[in-house]
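Enquirer: mind folding the following:
(chains A and B)
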Amino acid sequence: KAGVTQTPRYLIKTRGQQVTLSCSPISGHRSVSWYQQTPGQGLQFLFEYFSETQRNKGNFPGRFSGRQFSNSRSEMNVSTLELGDSALYLCASSLSGDSNQPQHFGDGTRLSIL
Amino acid sequence: AQSVTQLGSHVSVSEGALVLLRCNYSSSVPPYLFWYVQYPNQGLQLLLKYTTGATLVKGINGFEAEFKKSETSFHLTKPSAHMSDAAEYFCAVSDEEAAGNKLTFGGGTRVLVKP
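Expert: Numbering: from 1, shown residues only, chains lettered A, B, ... in the order given. As a prediction, this is how the structure comes out:
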């Protein structure tokens, strides 16, 4: 069974640009979550989608947004990029998104802002 | 709000020695608990989880963890370290009462294994 796939693996952008990251969950998984990982702040929850609806949202500005498609694939978008947005962005999927279910992570997209 | 504390951002152990990584959580209700491992340039891999039932949980690669409600702890151990255990380890909790799946992570512990 294929794991969680994130594309692209690496991105370089400049301040003020916008970026879209993609995540394909494990087949059959309906919940997709996004996390930001930085050396200073660690792993922080961005948002979770289930059945195309955002069910949970972390404490991030409105520049960070996401969506989920009917096939459970998800994208996240960051607009007006800032230097501080440089991070590893991790996507995770789980079967139904119940809180007792483990999340399965992709290898991430490393975003660098110049 | 939940919080997770991992004592020690770096741990150095000799090959064959005990690995002990500490995790304490703060939650108004017993949460669900997870340990993940991250190797360089990779995502997180689930080592083990505690949801209900037996408080001593066995995971992959010889790791185990014990849930102690009275101490609000979920420490991770492995009797004998192997060179391949060098990685960063994260303790995480999710809220039983919250809808959906949101993990709160500790700051991580990087393990160095000395030959």
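Enquirer: run a quick neighbour tally on A:Phe45.
Expert: 20 (other C-beta atoms under 10 Å in any protein chain shown). For every residue, glycine as well, the C-beta is placed using N, CA and C.
Enquirer: actually A:Gly3, not the one I wrote
Expert: Neighbour number of A:Gly3 under other C-beta under 10 Å is 16.
Enquirer: test my guess that it contacts A:Pro25.
Expert: No: using C-beta atoms under 8 Å, A:Gly3 is not in contact with A:Pro25, being 9.2 Å away.
Enquirer: so how far is A:Arg15 from B:Ser9?
Expert: Separation of B:Ser9 from A:Arg15 (C-beta to C-beta, to the nearest Å) stands at 30 Å.
Enquirer: quick check: residues of chain B near chain A?
Expert: Contact residues (C-beta under 8 Å from any C-beta of the partner chain) of chain B with chain A: B:32, B:34, B:36, B:41-46, B:49, B:51-52, B:90, B:92, B:94-96, B:98-108.
Enquirer: what subset of those residues is buried?
Expert: B:32, B:34, B:36, B:43-46, B:49, B:51, B:90, B:92, B:94-95, B:100-108 (16 or more other C-beta atoms under 10 Å in any protein chain shown).
Enquirer: can you verify B:Ser84 is assigned to a helix?
Expert: Yes: according to DSSP: H, G, I helix; E, B strand; the rest coil, B:Ser84 belongs to a helix.
Enquirer: just give me the neighbour total for it.
Expert: B:Ser84: 9 neighbours (other C-beta under 10 Å).
Enquirer: that one and B:Leu21, how far apart?
Expert: As judged by C-beta to C-beta, B:Ser84 and B:Leu21 stand 16 Å apart.
Enquirer: again, but for B:Thr72
Expert: 16 Å.
Enquirer: A:Gln17 touches A:Val78, doesn't it?
Expert: No: contact between A:Gln17 and A:Val78 fails when scored by C-beta under 8 Å: they sit 9.1 Å apart.
Enquirer: show me which of those two is the more surrounded one.
Expert: Neighbour tally, A:Gln17 and A:Val78, criterion other C-beta under 10 Å: the higher count belongs to A:Val78, 25 against 12.
Enquirer: what's near enough to touch that one?
Expert: Applying C-beta atoms under 8 Å, 6 or more residues apart in numbering or on different chains, we find A:Val78 in contact with A:18-19, A:21, A:63-65, A:85, A:111.
Enquirer: do a quick rundown of the strands in chain A.
Expert: Here chain A has its strands, by DSSP state E, at A:5-7, A:10-13, A:19-24, A:31-38, A:42-50, A:53-57, A:64-68, A:74-78, A:87-94, A:104-105, A:109-113.
Enquirer: among these, which comes closest to B:Leu76?
Expert: Nearest of these to B:Leu76, taken as C-beta to C-beta: strand A:42-50 at 16.5 Å.
Enquirer: the closest one - contacts with which helices or strands?
Expert: Counting contacts by 3 or more C-beta pairs under 8 Å, 6 or more residues apart in numbering or on different chains; DSSP states H and E, strand A:42-50 is packed against strand A:31-38, strand A:53-57, strand A:64-68, strand A:74-78, strand B:103-105.
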